[in-house]
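J.: Sequence and predicted structure are below.
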Amino acid sequence: MKIKIIIPTERIQSPLIAESMVETGVLLNIMVANIDSTYGELIADVDTTLFHKLKEALEKRGAFVTTLDQPIHWDEEECVECGACISVCPMKVYSFDKEWNLCVDEKKCIRCGMCIKMCPHQALKLGD
Ligand code: SF4
Ligand code: SF4
């Protein structure tokens, strides 16, 4: 399952992800990581049966963990087919067909949220 881990400013210097993996023995497959000296946000894949164990370990160290159960939702009525989402999506969810209509392959979405920030017409959202 896909999860989002947020590391707040006051915990950014702490190796809380490594510590949590060592403590629980649960492995994370990190798919997107935006981390600097003030804030961290990661999207990762984790075994569904082990999720709660890892969540507990991360949260007791100050991280915030949420599940990302739904892929991106595209509101076709709002879309102006500008193509901004095509350029930012790391998974090639978006493309234009021969008539320059936007095509969305939701199955590839890893819920990173990059396209939502770029869409000028609020045509994209994550369901959870
Ligand atoms: S960024 Fe938004 S408006 Fe532009 S093509 Fe993508 S979904 Fe449509
Ligand atoms: S959230 Fe948007 S940018 Fe990220 S993988 Fe899904 S469709 Fe692509």
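T.: Perfect, thanks for sending it. Ligands and ions are numbered 1, 2, ... in the order given.
J.: what's the neighbour count on C119?
T.: Neighbourhood size, C119 [other C-beta atoms under 10 Å]: 20. C-beta here means a position set from N, CA and C on the backbone, and glycine is covered the same way.
J.: domains of this structure?
T.: 2-67, 72-126 (automatic domain parsing).
J.: Does ligand 2 have contacts with the longest one?
T.: No. In this structure, domain 2-67 remains apart from ligand 2 according to C-beta under 6 Å from any ligand atom; the gap is never smaller than 7.5 Å.
J.: State the mean pLDDT of that domain.
T.: Taken as a whole, domain 2-67 has a mean pLDDT of 94.
J.: circling back to that earlier point, I'd like the domains of the chain laid out as JSON lines, including distance to ligand 1.
T.: Below are the domains of the chain laid out as JSON lines (distance: least, C-beta to the nearest ligand atom, whole Å):
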{"stretch": "domain 2-67", "distance to ligand 1": "18"}
{"stretch": "domain 72-126", "distance to ligand 1": "3"}
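J.: show me the contacts for K55.
T.: I3, V65 (C-beta atoms under 8 Å, 6 or more residues apart in numbering).
J.: Can you say which helix or strand has it in it?
T.: According to DSSP states H and E, K55 maps onto helix 51-59.
J.: just V26 next, same as before
T.: Using DSSP H and E, no helix or strand contains V26.
J.: I'd like the distance between it and E59.
T.: 14 Å (C-beta to C-beta, to the nearest Å).
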